[in-house]
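Visitor: Here is my input, please return the structure:
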Amino acid sequence: MGRPRQFDEDGVLRTAREQFWATGYAGTSMETIAAATGLGKGSLYGAFGGKRELFHRVFDDYCTAAVGSAVEQLGGDDDQALPRLTAFLLDHARTSAEPGHRACLLAKGAAELAERDDVVSARSRTAFEGLRAALARDLAAARRSGDLDADADVERLAGLLLAVHRGIEALGEAGTDEAVLLGIAQAAVDGLPRRTR
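Guide: Coordinates of the predicted model:
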């Protein structure tokens, strides 16, 4: 029978995530992670497999948390659906404009690896679909409450808002001014088809 692990697995995964997030997959080695965690490479390989498997674990955990956060922020009563959506996009714009803000690991991992890593590609698509579905549910709630036109196609609108959300992130990473990002977010909300009262 093997010896029980003598380290905090969650802590090691957090440290590995920060390393991958800071230097990317290609710029991170198991030696770097071993040094950051204080573990030997043998312990890392034994617990998580190689670098690819460790990144997959970190990436999956991050995607799960990111989608869960969006679901929580966009969930609630129908009559607050549009204000929730507005706050979700505006808050994202503000965060994306903060000095030193890092693009989310989902975006960075997908950009670096999705083309050549089927696991990252599939997990990215699942995460983006989870975000789109959360937006669609909120838009459907806004439609039920009468804030959106009864004929509004919430599935197509959710895809558009997902593209706006991800675009804001990319523009923020490039240093775009907060006022511009807030204007984009507000324009996306203002452009939704409203019910004629």
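Visitor: Which positions within the longest helix belonging to the chain qualify as buried?
Guide: Secondary structure of the chain per DSSP state H: the longest helix is helix 118-145. Neighbour-count burial for helix 118-145, counted by 16 or more other C-beta atoms under 10 Å, picks out 120, 123-124, 127-128, 130-143. Glycine gets a C-beta too; all of them are placed from N, C-alpha and C.
Visitor: count of residues packed around the spatially closest residue to residue 142 that is not a sequence neighbour?
Guide: Counting by C-beta to C-beta, 6 or more residues apart in numbering, residue 142 lies nearest to residue 81, which is 3.9 Å off, once chain neighbours are set aside. Per other C-beta atoms under 10 Å, the neighbour tally for residue 81 reads 23.
Visitor: picking up where we left off before, state the next helix or strand along the chain beyond the longest helix of the chain.
Guide: Once helix 118-145 ends, the next helix or strand along the chain (criterion: DSSP states H and E) is helix 154-173.
Visitor: lowest-pLDDT helix or strand in the chain?
Guide: The helix or strand of the chain with the poorest confidence is helix 41-48; it has a mean of 86 (mean pLDDT, DSSP states H and E).
Visitor: now residue 55: how far from residue 87?
Guide: Remark: distance between residue 55 and residue 87 (C-beta to C-beta, to the nearest Å) = 32 Å.
Visitor: what about these two, which has more around it?
Guide: residue 55 (27 against 15).
Visitor: Check the gap between that one and residue 39 for me.
Guide: Separation of residue 55 from residue 39 (C-beta to C-beta): 16 Å.
Visitor: Let me see the backbone angles for residue 29.
Guide: Main-chain torsions, residue 29, degrees, to the nearest 10: phi -120, psi 160.
Visitor: Surely it and residue 51 touch.
Guide: Yes. Under the criterion of C-beta atoms under 8 Å, residue 29 makes contact with residue 51 at 7.1 Å.
Visitor: quick one: which of these two has more around it?
Guide: Neighbour comparison, residue 29 and residue 51: the larger count goes to residue 51, with 19 against 13 (by other C-beta under 10 Å).
Visitor: Point out the other elements, helices or strands, that the least confident helix or strand of the chain touches.
Guide: Contacts defined by 3 or more C-beta pairs under 8 Å, 6 or more residues apart in numbering; DSSP states H and E place helix 41-48 against helix 9-23, helix 30-37, helix 51-74.
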